[in-house]
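here is a sequence with its predicted model. Questions after.
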Amino acid sequence: MKVIFHKADGERVEAEAQPGDVLLRVGQAAGMPLEGTCEGQMACSTCHVLVAKEWFAQLPDASEDEEDMLDLAYGVRPTSRLSCQIELTDALDGLEVSIPAEARDMSRD
């Protein structure tokens, strides 16, 4: 299956994924600036992505804990999610997400 990332500079990156993969790990493997400081424990917001509107409704609702962490993220929009909380399924083949312009992976600096 494919996941399409749109970087803030306009670059489009297609990544291969498998059902059951977590979007954060797919993005990191594709070189996206998704730090994921807490390693998916929902204790930070460094894996914030903007899900394309046409895909957003296909995701399970965000938990209250995820919503609380998104309150701390920069550039939050109505379709914001934490990529560590998105488990990929066959139904999400072709999922498109954008990396917010404010995203920065400090581990790569």
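Now that the structure is in, tell me what you want to look at. Worth saying up front: this structure is predicted, and the values here are computed from it rather than measured. Residues are numbered from 1 along each chain as shown.

CA atoms for contacts and neighbours, from now on please.
Will do.

quick one, phi psi at residue 84?
phi -70, psi -10 (degrees, to the nearest 10).

ok, it touching residue 37?
No - counting by Cα atoms under 8 Å, residue 84 does not reach residue 37; the two are 10.5 Å apart.

out of the two, which sits in the more crowded spot?
Relative neighbour count places residue 84 above the other of residue 84 and residue 37, with 26 against 16, counting by other Cα atoms under 10 Å.

tell me the contacts of the closest residue to residue 12 other than its chain neighbours?
If the residues on either side of it in the chain are set aside, residue 12 comes closest to residue 6, at 4.7 Å by Cα to Cα, 6 or more residues apart in numbering. Applying Cα atoms under 8 Å, 6 or more residues apart in numbering, one finds that residue 6 lies in contact with 12, 13, 96, 97, 98, 99.

go with 7 Å
Going by Cα atoms under 7 Å, 6 or more residues apart in numbering, residue 6 touches 12, 13, 97, 98, 99.
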